[in-house]
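**Q** Using only what follows, build the 3D model:
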Amino acid sequence: MAPAPELEAIGVVKRYGALLANDHIDLTVESGEILAVMGENGAGKSTLMSLLYGLQRPDEGRILLRGAEVRFSSALDAIAAGMGMVHQAFKLFDSLTVWENVVFGAEPRRGPFIDRRAARAQVESLTEAHGLRVDPDAIVGALSVGVRQRIEILKALYRRARVLILDEPTAVLTPQERDGLFAVMRRLAGEGRTILFVTHKLHEAMAIADRVTVLRDARVVARMRTSQTTQSEIVRAMTGRNVDLQISRGVAAAGAPLLEVEGLTVAGAGAKPLVEGASFQVRAGEIVGLAGVAGNGQTELVEALTGLRVPDKGAVRVAGATLTARDVAAHRHAGLAYIPEDRVAVGAALGADATDNLAMGFHRAAPLSHRGLLNVAAMVKRARELIAKFNVKIASERALAGSLSGGNLQKMVVARELSHEAPVLIAEQPTRGVDIGAIEFIHGQLIAERDIGRAVLLVSAELTEILGLSDRILVMYEGRIVADMARSQASEEKLGLLMAGRTAAS
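**A** So this is what the prediction gives:
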């Protein structure tokens, strides 16, 4: 008789009021298997993982571990049963050492005291046994993102996890760190551990997973073996239609500089600046990509470029106008459009309706206003046109922005900013949280902006997006621009090394 699967979900249902988040989900993972769980935003992936890990309880259905039904009342129950989860946002104490983080809450003891020597030895043994190279005595706050992720995995292994859930684990890793994680995943699977790999990156699922389970509209719509399928088939399952994954772009015809940055510096709380002496140009008719691991100054640089932050030194010019110490309105007036990274806090007014949100930045000029009075009919007409063009799923143009899903809110912000027809566009994570079909559309729009002579600065955590769209690429590390190269000179490996503070020769 064949052994029972390591983990099963049978007919799992989860409702939030009228919303059906998981609709009779069946999922099976075998011991030693890496299963990729994929689907667009809102498909039900995160809800399913929270049910499996005991963060929530299903309304219907059963969860089985090694053939026995389990009913977790909390994540502690799941951990005790041999489950582990590495979340997108790491849950570590920066001021503690690696070994202190790993054993926290489950420390070995000698009488009433923590046995520090035994704890450190156990962590060191784990690192060696599983190829998770990390200094047990290092302070976590001083470590890179990739090493911190290893610590999260060590925490789960220390608690004897046999099933690991990795939620978007490569989102903040360099390519080299990602490859290192994949090596660890393969080693753990080879030891008989089971891994659920939640991701939206098709090439990564194909590279590491044995099978793929695809969710769409809260249901499982496909189960595939990666050795017997293609990226296009997975996309078709995720979206219900064919999507062209290739970014089609011609050769740039770059003109005069439209965005000029000279010696820009943004001070930090300590001695080291958040941005240090950044100098670059973005010319008419080109897309310049800005690559870097999150937290290396990209956010502060963009804030200084858009008027959200006043730089301490340096100059910013948009279409010839010096804007170094000017506010957001002055940047808008000079010809700057901006798709912000944070669509909720910066990109939209959730308490206002879609009509008002789509008019923002246009509302002082014709045809949306006349002699200081808003033309409501023109605003509504504009909103309807943009909602249709960008396929924003919303009840009506009078529905509140706060009623939109994250992906549709992003599409609304992108629609507004691209319709500004400004000479300079800063696009910061423009496709974060949108579905594959919308990504295809937004990429096409950014290339169209370039082709009609606009200057586009693309800030993205996705190297495939940077490499696919950019004519030139900047790399940022610890607040400094460390590289400025033509796309033809760039590769994922080269960019990854630069993002980690190294060069190909180091």
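
**Q** So Pro311: helix, strand or coil?
**A** Look at Pro311: counting by DSSP: H, G, I helix; E, B strand; the rest coil, its state is coil.

**Q** The nearest residue to it once chain neighbours are set aside: neighbour count?
**A** Nearest-residue entry for Pro311: Ala304, 4.3 Å, with adjacent residues in sequence omitted and distances by C-beta to C-beta, 6 or more residues apart in numbering. (Each C-beta comes from the backbone N, C-alpha and C, glycine too.) Ala304: 24 surrounding residues under other C-beta atoms under 10 Å.

**Q** My read is that Ala304 contacts Val275, right?
**A** Yes. Contact criterion C-beta atoms under 8 Å: Ala304 and Val275 qualify, at 6.7 Å.

**Q** Could you tell me which strands sit next to the helix or strand of the chain with the lowest mean pLDDT in the sheet, and their orientation?
**A** For the chain, using mean pLDDT, DSSP states H and E, the weakest element among its helices and strands is strand 369-370, scoring a mean of 86. Sheet pairing here is set by DSSP bridges, and for strand 369-370 it gives strand 373-374 (antiparallel).

**Q** So what touches the least confident helix or strand of the chain?
**A** If you take C-beta atoms under 8 Å, 6 or more residues apart in numbering as the criterion, strand 369-370 is touched by 363, 375.

**Q** same thing but at 10 Å, please
**A** Applying C-beta atoms under 10 Å, 6 or more residues apart in numbering, the contact partners of strand 369-370 are 359, 362-363, 375, 378-379.

**Q** List the contacts of the residue nearest to Pro311.
**A** 261, 264-266, 274-275, 278, 297, 310-312, 314, 316, 324.

**Q** Of the residues you listed, select the buried ones using a ChimeraX command.
**A** A single ChimeraX command selects the buried members of the contacts of Ala304 (16 or more other C-beta atoms under 10 Å):
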select :261,264,265,266,274,275,278,297,311,314,316,324
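
**Q** Restricted to helices, list the contacts of Ala304.
**A** Using DSSP state H, the subset of the contacts of Ala304 located in helices is empty.

**Q** tell me which residues of stretch 435-448 are tucked away?
**A** Within stretch 435-448, the residues that qualify as buried are 435-443, 445-447, counting by 16+ other C-beta under 10 Å.

**Q** I misspoke; the intended subject was stretch 225-238.
**A** In stretch 225-238, residues buried by neighbour count (16+ other C-beta under 10 Å) are 226, 229, 234-238.

**Q** Export only the CA atoms of the host helix or strand of Trp99, formatted as PDB.
**A** Take DSSP states H and E as the rule and Trp99 turns out to sit in helix 98-103. Coordinates of each C-alpha in helix 98-103 appear next as PDB, following Å, rounded to 0.1, in the frame of the first residue of the first chain:
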ATOM      1  CA  VAL A  98      21.500  34.400  14.400                       C
ATOM      2  CA  TRP A  99      21.400  31.600  16.900                       C
ATOM      3  CA  GLU A 100      19.300  33.600  19.300                       C
ATOM      4  CA  ASN A 101      16.700  34.200  16.600                       C
ATOM      5  CA  VAL A 102      16.600  30.600  15.500                       C
ATOM      6  CA  VAL A 103      16.000  29.200  19.000                       C
END
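
**Q** Return the distance of that helix from the chain's centre.
**A** 27 Å (C-alpha atoms, centre = their mean, to the nearest Å).

**Q** per-residue confidence averaged over that helix?
**A** For helix 98-103, mean pLDDT rounds to 94.

**Q** got it, and stretch 339-357?
**A** Stretch 339-357 comes out with an average pLDDT of 92.

**Q** Most distant residue from the centre of the protein?
**A** In the chain, the residue that sits farthest from the middle, by C-alpha atoms, centre = their mean, is Gly111; the gap is 45.1 Å.

**Q** Break down the stretch 51-200 of the chain into its strands, ranges please.
**A** For the stretch 51-200 of the chain, strands defined by DSSP state E, counting those that start in this stretch occupy the ranges 60-65, 68-70, 83-86, 109-110, 113-114, 163-167, 194-198.

**Q** Give the buried residues for stretch 106-118.
**A** Buried residues in stretch 106-118 (16+ other C-beta under 10 Å): Glu107.

**Q** and the nearest residue to Gly250 once chain neighbours are set aside, how many residues sit next to it?
**A** Sequence neighbours aside, Asp451 is the residue nearest to Gly250 in space, at 7.3 Å (criterion: C-beta to C-beta, 6+ apart). When counting by other C-beta under 10 Å, one arrives at 14 neighbours for Asp451.

**Q** sorry, back to before: among the contacts of strand 369-370, show me the least confident.
**A** Note: of the contacts of strand 369-370, the lowest pLDDT belongs to Phe362, at 79.

**Q** quick one, helices of the stretch 301-450 of the chain?
**A** For the stretch 301-450 of the chain, the helices defined by DSSP state H, counting those that start in this stretch occupy 328-334, 354-359, 376-389, 406-418, 436-451.

**Q** Now do whichever helix or strand comes after the longest one and helix 436-451, the angle between them.
**A** It refers to helix 436-451. Following helix 436-451 in sequence order, the next helix or strand is strand 455-459 (DSSP H and E). Orientation note: strand 455-459 sits at an angle of 140 degrees relative to helix 436-451 (axes from the mean of the first three to the mean of the last three C-alpha atoms, to 10 degrees).

**Q** and strand 455-459, which strands flank it?
**A** When DSSP bridges is applied, strand 455-459 pairs with strand 286-291 (parallel), strand 424-428 (parallel).

**Q** who wins for proximity to Arg57 among those strands?
**A** Arg57 sits nearest to strand 424-428 of all the strands paired with strand 455-459, at 37.7 Å, using C-beta to C-beta.

**Q** quick check: angle from the closest one to helix 406-418?
**A** 170 degrees.

**Q** tell me the average confidence for strand 424-428?
**A** Averaging pLDDT along strand 424-428 gives 97.

**Q** swap in stretch 441-458?
**A** For stretch 441-458, mean pLDDT is 94.

**Q** Convert the C-alpha atoms of that stretch to PDB, please.
**A** Provided in PDB are the C-alpha atoms of stretch 441-458 (Å, rounded to 0.1, in the frame of the first residue of the first chain):
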ATOM      1  CA  PHE A 441      -0.600  45.900 -21.400                       C
ATOM      2  CA  ILE A 442       1.400  48.200 -19.100                       C
ATOM      3  CA  HIS A 443       4.700  47.100 -20.700                       C
ATOM      4  CA  GLY A 444       3.300  48.000 -24.100                       C
ATOM      5  CA  GLN A 445       2.200  51.400 -22.800                       C
ATOM      6  CA  LEU A 446       5.700  52.200 -21.300                       C
ATOM      7  CA  ILE A 447       7.300  51.300 -24.700                       C
ATOM      8  CA  ALA A 448       4.800  53.500 -26.400                       C
ATOM      9  CA  GLU A 449       5.700  56.400 -24.100                       C
ATOM     10  CA  ARG A 450       9.300  55.900 -25.100                       C
ATOM     11  CA  ASP A 451       8.500  55.700 -28.800                       C
ATOM     12  CA  ILE A 452       6.700  59.000 -28.900                       C
ATOM     13  CA  GLY A 453       9.700  60.800 -27.400                       C
ATOM     14  CA  ARG A 454       9.100  60.700 -23.600                       C
ATOM     15  CA  ALA A 455      11.800  60.000 -21.000                       C
ATOM     16  CA  VAL A 456      11.000  57.000 -18.800                       C
ATOM     17  CA  LEU A 457      12.800  56.100 -15.500                       C
ATOM     18  CA  LEU A 458      11.700  52.600 -14.600                       C
END
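
**Q** so how far is it off the chain centroid?
**A** Once both centres are worked out by C-alpha atoms, centre = their mean, stretch 441-458 turns out to sit 21 Å from its chain's centre.
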